[in-house]
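Colleague: What follows is a predicted protein model with its sequence.
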Amino acid sequence: MRFLLAVLSLFAAPALAQETSALIADHGLSGARAQLQEQAPSADRDLAIAATRFLGGVEAAYQARHRIGATNPLLPVPLLGASLPPNPDPQPMTADIVSAMMRDISQAMQDTRDALPEAPATLVLDLRDLWLDVDGDGTRNPAEDLATLSGLPLPDGPAVVRFDAADVHWLRAYTHLIDGVATLILAFDPEPALAQHIALQGALSEQFAQPPGQMARAPSFDMQARAFGPIVDRVAVAIQTLRQQPDPVLTQAAGEHLRDMVAANRDFWTAVAQETDDDREWIPNDAQQAALGFDLPPGTGPLWLSILDEVDQALSGRMLIPYWRFAPGHGVDLAMWLKDPRPVEIADWVQGTAALPYARPGLTVGRDNWDRFVGSFGGRAGLYMVLLN
């Protein structure tokens, strides 16, 4: 009987991998995950569940932004930098919106890692089937397609990718990247700055609700305020948040997530280099073709790992971050800051007084590997950085 079940599972696994894409297309991420959890456990099923947990965490963050009408890009960081469909009837913003979002996405990334299978697994997805229910109404519209939200260019026709054992490491690396960014944001606690922003908006609303009266001799700046106010608010909230005393427990945790990201990337590129098939690859080795039709220059894996290795060494303090005013052979010890962080005063860091407590002599991170990467990818370097993580 056990032998029969094992044989049947070999035939059932590909069907499961194929049907996950349709489940997401028809029922959304939460509906697909609910149906997957009712199926017999297998490595393929677990990988599919992990994928829905990962994308579900991103979906929940977008839903939180959409509820308050924060649909324009907020900051150039994951989750906060994407453009979302407009919300004609937003709810009031609360001061804990960003902190709650970061805690939720951090938990979703941990849940994704917990669901990832230990055994080899495959998951076949048509990326055109994937969508995030940004407005939370349970129905799909074109603005909610994952490709649209992420800016991922897709080829004409189906965009079918077969994620395999190597890609499990890629997904694990991405969870640590997002978790690291979320943890670093939490370390600075943006809630007080957002509370000040909300109080300002309330005071301004009261002002504009009153008739101008006889005292309003100056010309109205309403148009300028509408155009530039949101930009000024975002910059002010970011600066005020950076002035908060960071939590050293969380800054160190963020650093560990980023180092775990590098370790998972090493596992990914090691596994990719050993692949001999060429079956709808997500990120190919030099002998394979990408399912989405993009070309990676030969040696992309070793080149990207050389960059990440320097990131790892900087995070651990074995290499220093070069600083524009320091003499050659001196730099900023990032590991020292992660262990004993101080508030980030932008002017002081630009001038150099804030950098001095973390300055020491040593080997600094160079530009050679980065220049080679940019030279290989040209104007597409940013896009491929997001892809490779």
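Modeller: Here it is on my side, so go on. Numbering: from 1, shown residues only.

Colleague: what stretches of the stretch 201-350 of the chain score poorly on pLDDT?
Modeller: Scanning the stretch 201-350 of the chain for pLDDT under 70 picks out 212-223.

Colleague: Now Pro246: closest residue in space that isn't a chain neighbour?
Modeller: Counting by C-beta to C-beta, 6 or more residues apart in numbering, Pro246 lies nearest to Pro341, which is 4.0 Å off, once chain neighbours are set aside. Placement of C-beta: from N, CA and C, glycine included.

Colleague: Helices along the stretch 51-200 of the chain, start to end?
Modeller: 97-115, 146-150, 165-188, 191-209 (DSSP state H, counting those that start in this stretch).

Colleague: To Ile24, which of those helices lies closest?
Modeller: Judged by C-beta to C-beta, the one of the helices of the stretch 51-200 of the chain that comes nearest to Ile24 is helix 146-150, at 9.4 Å.

Colleague: For the closest one, could you pull out the residues that count as buried?
Modeller: Leu146, Thr148, Leu149 (16 or more other C-beta atoms under 10 Å).

Colleague: Setting the sequence-adjacent residues aside, check what's closest to the second one.
Modeller: Across the structure, with C-beta to C-beta, 6+ apart as the measure, the residue nearest Thr148 apart from its sequence neighbours is Pro142 (6.8 Å).

Colleague: quick one: the one you found and Thr251, what's the gap?
Modeller: Pro142 is 40 Å from Thr251, where distance means C-beta to C-beta, to the nearest Å.

Colleague: Which residue of these two possesses the greater neighbour count?
Modeller: A direct count of neighbours by other C-beta atoms under 10 Å for Pro142 and Thr251 places Thr251 higher, at 20 against 8.

Colleague: how about that one, what does it touch?
Modeller: With contact taken as C-beta atoms under 8 Å, 6 or more residues apart in numbering, Thr251 is in contact with Leu184, Ala187, Trp337, Leu338, Lys339, Pro341.

Colleague: Filter those down to the buried ones, ChimeraX style.
Modeller: Remark: buried members of these, expressed as a ChimeraX selection using 16+ other C-beta under 10 Å:
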select :184,187,337,338,341
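
Colleague: Pick out whichever of the contacts of Thr251 sits closest to Leu84.
Modeller: Lowest distance from Leu84 to the contacts of Thr251 (C-beta to C-beta) belongs to Leu184, with 22.6 Å.

Colleague: For the closest one, give me its contacts.
Modeller: Leu250, Thr251, Ala254.

Colleague: buried stuff in stretch 320-328?
Modeller: Leu320, Ile321, Tyr323, Phe326.

Colleague: Neighbours of Ser99, how many?
Modeller: Residues near Ser99, counting by other C-beta under 10 Å, number 18.

Colleague: pretty sure Asp312 contacts Ala264?
Modeller: No: under the criterion of C-beta atoms under 8 Å, Asp312 makes no contact with Ala264, lying 11.6 Å away.

Colleague: between these two, who's got more neighbours?
Modeller: Using other C-beta under 10 Å as the criterion, Asp312 and Ala264 rank with Ala264 on top: 22 against 19.

Colleague: looking at this, the more buried one is in a helix?
Modeller: Yes: counting by DSSP: H, G, I helix; E, B strand; the rest coil, Ala264 falls inside a helix.

Colleague: That one: what's it in contact with?
Modeller: By C-beta under 8 Å, 6+ apart, Ala264 lies in contact with His169, Trp170, Arg172, Ala173, His176.

Colleague: Kindly report the same for Asp260.
Modeller: Ala173, His176.

Colleague: How far does the host helix or strand of it sit from its chain's centre?
Modeller: Taking DSSP states H and E as the definition, Asp260 sits inside helix 248-273. Distance of helix 248-273 from its chain centroid, counting by C-alpha atoms, centre = their mean, to the nearest Å, is 14 Å.

Colleague: just to revisit the earlier point, columns distance to Gly378 on top of the contacts of Thr251, output as JSON lines?
Modeller: Shown next, in JSON lines, are the contacts of Thr251 (distance: C-beta to C-beta, whole Å):
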{"residue": "Leu184", "distance to Gly378": "30"}
{"residue": "Ala187", "distance to Gly378": "35"}
{"residue": "Trp337", "distance to Gly378": "33"}
{"residue": "Leu338", "distance to Gly378": "33"}
{"residue": "Lys339", "distance to Gly378": "38"}
{"residue": "Pro341", "distance to Gly378": "36"}
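
Colleague: Can you pick out the most distant pair from the contacts of Thr251?
Modeller: Across the contacts of Thr251 (C-beta to C-beta), the longest gap, 13.9 Å, separates Leu184 and Lys339.

Colleague: picking up where we left off before, against Asp96, how distant is the residue nearest to Thr148?
Modeller: According to C-beta to C-beta, Pro142 stands 32 Å off from Asp96.
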